[in-house]
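Q: next one to model:
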Amino acid sequence: MSDGETAEQLIMEAYNRNSTSNVLSVTARNVGSSAVTIAATYVGGTSATFSGGLAAGQSVAVGAAASGSATVTGTNGVAYVLKIVTQTGGVFSFSVIKGSAG
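A: So this is what the prediction gives:
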């Protein structure tokens, strides 16, 4: 691998941030060239404990999708940054909006 290339790469395929239950459900896919192991997740700068395939310690194989959910609070209609941190120090950031503003 040459300088500047990253073997780890996650994309967010889908999310649902329920406005009444405060549950954030996320599906992410590993589109990189190496497996990704989840180290931590944050929503709006606060640590979030995800279940399922996005839980800390879970590995996401190349080409595979992983889904998980966490209970997080926030204001309807506001965008929050979801950060997924890997064991190698990679940080993948996505914007998620809770519910609707109206």
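
Q: residue 80 against residue 96, yeah?
A: Yes: the pair residue 80 / residue 96 is scored as a contact, 5.6 Å apart, by Cβ atoms under 8 Å. For the C-beta atoms, the positions are set from N, CA and C on the backbone; glycine is no exception.

Q: anything in contact with each of these two?
A: The contact sets of residue 80 and residue 96 overlap at residue 43 (Cβ atoms under 8 Å, 6 or more residues apart in numbering).

Q: which parts of the chain are strands?
A: 10-17, 23-30, 36-43, 46-47, 59-60, 65-71, 79-86, 91-97 (DSSP state E).

Q: which of those sits closest to residue 53?
A: strand 65-71 (3.0 Å; Cβ to Cβ).

Q: in the closest one, what's buried?
A: With burial defined by 16 or more other Cβ atoms under 10 Å, the residues of strand 65-71 counted as buried are 66-70.

Q: make JSON lines from the strands of the chain and add mean pLDDT and distance to residue 53 to it.
A: Shown next, in JSON lines, are the strands of the chain (pLDDT from 0 to 100; distance: least, Cβ to Cβ, whole Å):
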{"stretch": "strand 10-17", "mean pLDDT": "95", "distance to residue 53": "11"}
{"stretch": "strand 23-30", "mean pLDDT": "96", "distance to residue 53": "8"}
{"stretch": "strand 36-43", "mean pLDDT": "98", "distance to residue 53": "8"}
{"stretch": "strand 46-47", "mean pLDDT": "96", "distance to residue 53": "18"}
{"stretch": "strand 59-60", "mean pLDDT": "98", "distance to residue 53": "7"}
{"stretch": "strand 65-71", "mean pLDDT": "97", "distance to residue 53": "3"}
{"stretch": "strand 79-86", "mean pLDDT": "97", "distance to residue 53": "11"}
{"stretch": "strand 91-97", "mean pLDDT": "96", "distance to residue 53": "14"}
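
Q: show me what contacts the residue lying closest to residue 90 once chain neighbours are set aside?
A: In space, and not counting its chain neighbours, residue 90 is closest to residue 8: 4.5 Å by Cβ to Cβ, 6 or more residues apart in numbering. Counting by Cβ under 8 Å, 6+ apart, residue 8 touches 30, 32, 34, 36, 86, 88, 90.
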